[in-house]
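[1] Sequence first, predicted model second:
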Amino acid sequence: MAQATVLQNLYAELNKYKNNQEYDRALKIVNKILQEDNTDTTAFHCKIVCLIKEDKFDQALTTINKAKDLSSGLHFEKAYCQYRLNRTKEALTTLRSVDKPDTRVKELLSQVLYRLEQYEECYNLYRDIIKSTEDDFEEERQTNLSAVVSSLQLWDKKDVENPELDETSYEICYNNACFFIGKEDWKNAEMKLRKAEIYCKKSFEDESDVTEEEIEEELGIIRVQLAYVLQKQGRKDEAVKLNNQVTKNKPSDMAVMAVLSNNIITLNKDQNVFDSKKRMKTAKADGLKHKLTAAQQRCISLNEGLLHMYTNQSSQCHNLAQKLMKEYPDIDTPVLIEAAQYVKDKDTTKAIEVLKAYEQSHQSRSLVSIKMVIAQIYLSQGHVYDACDTLKTMGDLQYKPGVPSSASMSTLMRANTTLQIQMGNPQQAAAMLEELRKSNPKDPRILAELISAYSQFDQAKAQKISADLPPVADIVQGIDVETLEASFSSLGPKYIKKALKSDAQPSPGPAGDMIIQKSKSKKKKKGKLPKNLDAEIDPERWLPRRERSYYRGKKKDKRRDIGKGTQGASGPAGDIDNSKLATGGGSGSEASSPRPGQPTSPPGAAQPAAQGPRQQKPVQANKKKKKKGGGKW
């Protein structure tokens, strides 16, 4: 009777602590109850709940495993502890052992399946839960369902229908954006993410205890995803700006920082490699294994291999590529990274050898990318026949144009149409322009080129298509006439000046073009005939002038030799060999040997420069002394 009273008082105190959420005090009371009665299953259950509430999952799981007699019905608590300790597969085994699972077991099972990326079973389970339950957690279940649908589309590439859940929260709006990302519908994804950002800010307006830092923390994942969508649309500057904004706020979520760092690395590519190396450490930090999906972890690892290649870390690149080939045998990227590193090392033979070995060991798969890379390496080395032999092994694909996207195909077709028209094949050009017109029916340039092509062989067709051209009013809409005239007035005089300078005359060409033609050269004046020449009867008029009997040759201008050469020279300046004076070359030269009585230079010494006649003073044998006196000159 006394024990019952004690237990009753302890349970009353336990209930008080439970209502106040003072689980540490409640745990002490539970231990006292178990000391009084170690077979009390209710008290044991309360102890496990208190440990879970205190986040002591490891201690709770150990306690459950030790007291098997008391924990026979605690499958949910055991699985929850395993789930929180990232023992996800153990949690799955525990939950599947329950014969008649209730709602909470099903919901925990769906969470476990989601973490194990078994999205299809998870999706079916959530739909069953939503149909069979009605409580206050309906919105949370809708949010989880939207996350599962998005993951099916995004990671499993399953073409699922949009459930079109009511976007009552920013979480559902964000998940719907991920669904459109999986479909590569970037416009709708961007719209949903911007809407989610607005909803997120509004949801915290009425909560005065939430700080600005906490709101920015919640907005971080939305903005990182939005930056990715902008990056996929080619709006790199906007993506960089948004990523920098999130980086500045320093989110505490490791998964957000890992994805952010990886996306910045992809924006850097082969630039800012030191910044990329620092961010790669963040993306590969410990503790991310259970926070990122397998696809995200694989993407980060592949980017790490590329970063090793860009930073010339050859051995690290090869080692990581070999490791990734074992971890991901179903993708070709690791072997392509290894081959690219060999090419960078200027060992193309080894690169081809690695690719061919990989091709032989994966014959059950279509290895188009591998064959194309082998052919490309052969071409880069000038081995055209080897490249052709490689392409011939691709079966029907060897006849397929290797164009990566429809935009590239459109550009090539436009260039081809221009070439066909220049080569005189308007029919082929018109056929290609008709294909281009299907994708861009209102493009005036395509219409104009099509009309031009048809006008060369089908005037009626050209006339019919010309009716589809937009009116002139639409074409000139938005054009500033004054600015256009000003630009022409500034350019006009320059072109006129050039035309006048070149003595050219414009002549009208086809399609209103002005072709500049050179003016005709002026007629040469006729030379004067000899006075005594009778042109009518001169029998030598057809002979060259030098062969005619009356040719006297050109008169020699004697004045040409005056002043040419040095003073006292009898011939022109060109007849004097100055090299002989300077170097002593030639026999009989006075400069080749010193005069008697003059000192000789030592061997190897520089010779003084020879003086010209004007600088040489005449030797006076008997120089008269100047008389003193004031005589004038």
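    Good, I have the coordinates. Residues are numbered from 1 along each chain as shown.
[2] element containing residue 89, please.
    In this structure, residue 89 sits in helix 88-96 according to DSSP states H and E.
[3] average model confidence for the helix or strand hosting residue 483?
    Of the helices and strands defined by DSSP H and E, residue 483 is found in helix 481-501. The pLDDT scores in helix 481-501 average 55.
[4] Check stretch 350-360 too.
    Mean predicted confidence for stretch 350-360 is 95.
[5] Could you list the domains of the protein?
    Under the assignment named as the TED database, the residue ranges that make up the domains of the chain are 139-204+211-252, 413-470.
[6] for residue 151, what are its contacts?
    Taking C-beta atoms under 8 Å, 6 or more residues apart in numbering as the criterion, residue 151 is in contact with 114, 117, 119, 178, 293. Just so you know, the C-beta spots here come from the backbone N, C-alpha and C atoms, and that holds for glycine as well.
[7] Distance check, residue 293 against residue 115.
    Counting by C-beta to C-beta, to the nearest Å, the gap between residue 293 and residue 115 amounts to 9 Å.
[8] what does residue 327 give?
    As defined by C-beta to C-beta, residue 327 lies at a distance of 20 Å from residue 115.
[9] neighbour count winner among these two?
    More neighbours surround residue 115 than the other of residue 327 and residue 115, with 17 against 11 (other C-beta atoms under 10 Å).
[10] so who does that one touch?
    When contacts are taken as C-beta under 8 Å, 6+ apart, residue 115 is in contact with 83, 88, 290.
[11] Over to residue 291?
    By C-beta under 8 Å, 6+ apart, the contact list for residue 291 reads 254-255, 258.
[12] List the ones among those that fall in helices.
    Assignment to helices by DSSP state H places the following of these there: 254-255, 258.
[13] Next, count neighbours for residue 254.
    Neighbourhood size, residue 254 [other C-beta under 10 Å]: 16.
[14] list the contacts for it?
    Residues counted as contacts of residue 254 (C-beta under 8 Å, 6+ apart) are 285, 287-288, 291.
[15] which of the contacts of residue 151 are buried?
    Those of the contacts of residue 151 that meet the buried threshold are 114, 119, 178, by 16 or more other C-beta atoms under 10 Å.
[16] Isn't the last one up against residue 225?
    Yes. Under the criterion of C-beta atoms under 8 Å, residue 178 makes contact with residue 225 at 7.2 Å.
[17] anything in contact with each of these two?
    A shared contact of residue 178 and residue 225, defined by C-beta under 8 Å, 6+ apart, is any residue touching both; here there are none.
[18] okay, residue 539: pLDDT?
    Reading off the confidence values, residue 539 has pLDDT 71.
[19] for the one 3 residues further on, same thing?
    At residue 542, the predicted lDDT confidence score is 72.
[20] cool, the one 10 residues further on as well?
    pLDDT, the model's per-residue confidence, is 75 for residue 552.
[21] Pull the contacting residues for it.
    Under the criterion of C-beta under 8 Å, 6+ apart, the contact list for residue 552 is empty.
[22] Please indicate which of the contacts of residue 254 are buried?
    Neighbour counting over the contacts of residue 254 (16+ other C-beta under 10 Å) leaves 288, 291 as the buried ones.
[23] Rebuild the contacts of residue 254 as CSV, extending it with distance to residue 332, pLDDT and secondary structure.
    Conversion of the contacts of residue 254 to CSV gives the following (distance: C-beta to C-beta, whole Å; pLDDT from 0 to 100; DSSP: H, G, I helix; E, B strand; the rest coil):
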residue, distance to residue 332, pLDDT, secondary structure
285, 28, 94, coil
287, 30, 89, coil
288, 25, 93, coil
291, 27, 93, coil
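[24] Tell me the one among the contacts of residue 254 nearest to residue 185.
    Within the contacts of residue 254, distances to residue 185 taken as C-beta to C-beta reach their minimum at residue 291, with 26.8 Å.
[25] where's that closest one relative to residue 283, distance?
    Taking C-beta to C-beta, one finds residue 291 at 12 Å from residue 283.
[26] what do the two both touch?
    Taking C-beta under 8 Å, 6+ apart as the contact rule, the neighbours common to residue 291 and residue 283 are residue 258.
[27] that older thread, now, the most widely separated pair of the contacts of residue 254?
    Within the contacts of residue 254, 285 and 291 form the most distant pair, 9.9 Å apart (C-beta to C-beta).
[28] Name the residues of stretch 443-459 that are buried.
    Along stretch 443-459, these residues count as buried under the neighbour rule (16+ other C-beta under 10 Å): 446-447, 449-455.
[29] out of these, which are inside helices?
    When helices are assigned by DSSP H, the members of these inside them are 446-447, 449-454.
[30] got a pLDDT number for residue 435?
    pLDDT, the model's per-residue confidence, is 88 for residue 435.
[31] Which residue, other than its chain neighbours, is closest to it?
    The shortest distance from residue 435 to any residue that is not its chain neighbour, by C-beta to C-beta, 6 or more residues apart in numbering, is 6.9 Å, and that residue is residue 413.
[32] wait, doesn't the one you found sit right on residue 437?
    No. The pair formed by residue 413 and residue 437 falls short of the contact definition of C-beta under 8 Å, at 10.9 Å.
[33] how near is residue 32 to residue 322?
    Here the criterion is C-beta to C-beta. By it, residue 32 lies 60 Å from residue 322.
[34] Apologies, that question was intended for residue 429.
    Residue 429 sits 51 Å away from residue 322, going by C-beta to C-beta.
[35] okay, the two: which has more neighbours?
    Neighbour totals were compared for residue 429 and residue 322, and residue 429 leads with 25 against 12 (other C-beta under 10 Å).
[36] and the more buried one, what is it in contact with?
    Neighbours of residue 429 in contact, by C-beta under 8 Å, 6+ apart: 416-418, 420-421, 449, 453.
[37] State the mean pLDDT of the helix or strand containing residue 83.
    For residue 83, the host element (DSSP H and E) is helix 75-84. Averaging pLDDT along helix 75-84 yields 97.
[38] how far does it sit from the chain's center?
    Distance of helix 75-84 from its chain centroid, counting by C-alpha atoms, centre = their mean, to the nearest Å, is 45 Å.
[39] Over to stretch 368-378?
    21 Å.
[40] likewise stretch 254-269?
    Here stretch 254-269 is found 15 Å from its chain centre; the criterion is C-alpha atoms, centre = their mean.
[41] ok so, going back, output the contacting helices and strands for the helix holding residue 89.
    Using 3 or more C-beta pairs under 8 Å, 6 or more residues apart in numbering; DSSP states H and E as the contact criterion, the neighbours of helix 88-96 among helices and strands are helix 75-84, helix 103-115.
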